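starting from these lines, generate the structure:
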Amino acid sequence: MTEPISAAISAEIEAARAAHGGTREDVAAAARAAGAPSTFTAAALRNLEIGRRAPSVDELLWLATALSVPVRQLLGEHRELFGHDAYRPPACGEVEDATRTAIEEFGDLTGRQRALAAAAIKMAAELDGSGERRNPQQLSDAIARRLTEIAELKPADTEQDDDLGAE
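This next block holds a predicted model:
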């Protein structure tokens, strides 16, 4: 461990927000929607990102929810000190759960991989909430294949039929 835990967390919060693609105001608003008080603003998030102050446990939970990442991801190189339980949002459906599990099996993602994994999780959550009856195993298998291609940086096989239709 080369840096204090709070410095690593600050860097991870900033990296997660960058991978998420939201502005500080967007993420602060999402954190407020997840339970943060009205005082949790873009300025408060900036203070966390630049290390002006360390986040509270509550702030880590709100930010993880706002950024759609496990709390452990925000702990940086120190994540192993805090156990191995995977975060699942309260409304996590079967497809999103399978997608999150597949992503966790890849281990640490970097750069573009984080952004693509976040996109896959969002897609899975949308599929869970689509209201259409789908076969979750077919969907999660198709998503897992795409995530494997992303992790190995292979181009997608455009000939393959993933059978994502309704049952």
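
any idea how far Gln113 is from Ile50?
25 Å (Cβ to Cβ, to the nearest Å). Heads up, the C-betas are built off the backbone N, CA and C, glycines and all.

the two: which has the busier surroundings?
Comparing Gln113 with Ile50 by other Cβ atoms under 10 Å, the one with more neighbours is Gln113, at 17 against 12.

make sure the more buried one is indeed in a helix.
Yes. According to DSSP: H, G, I helix; E, B strand; the rest coil, Gln113 belongs to a helix.

where's the residue nearest the centre of the chain relative to Ala43, distance?
Nearest residue to the geometric centre of the chain (Cα atoms, centre = their mean): Val69, 2.7 Å. Look at Val69 and Ala43: by Cβ to Cβ, they are 22 Å apart.

ok, now Glu80?
Here the criterion is Cβ to Cβ. By it, Glu80 lies 32 Å from Ala43.

cool, Leu109 as well?
29 Å.

compare those two (neighbour count), which wins?
It is Leu109, of Leu109 and Ala43, that has more neighbours when counted by other Cβ under 10 Å, with 19 against 11.

so who does the closest residue to that one other than its chain neighbours touch?
Distances taken as Cβ to Cβ, 6 or more residues apart in numbering put Ala117 closest to Leu109, at 5.5 Å, once the chain neighbours are dropped. With contact set as Cβ atoms under 8 Å, 6 or more residues apart in numbering, Ala117 has these partners: 103, 106, 109, 147, 150.

please name the nearest non-neighbouring residue to Ala125.
In this structure, Ala125 finds its nearest non-sequential neighbour in Glu96, 4.7 Å apart by Cβ to Cβ, 6+ apart.

doesn't the one you found fall inside a helix?
Yes. Under three-state DSSP, Glu96 sits within a helix.

show me what contacts it?
Residues counted as contacts of Glu96 (Cβ under 8 Å, 6+ apart) are 89, 121, 124-125, 127-128.

so how far is Glu49 from the nearest residue to Ala54 once chain neighbours are set aside?
Once flanking residues are discounted, Ala54 sits nearest to Ser6: 3.8 Å by Cβ to Cβ, 6+ apart. Counting by Cβ to Cβ, the gap between Ser6 and Glu49 amounts to 12 Å.
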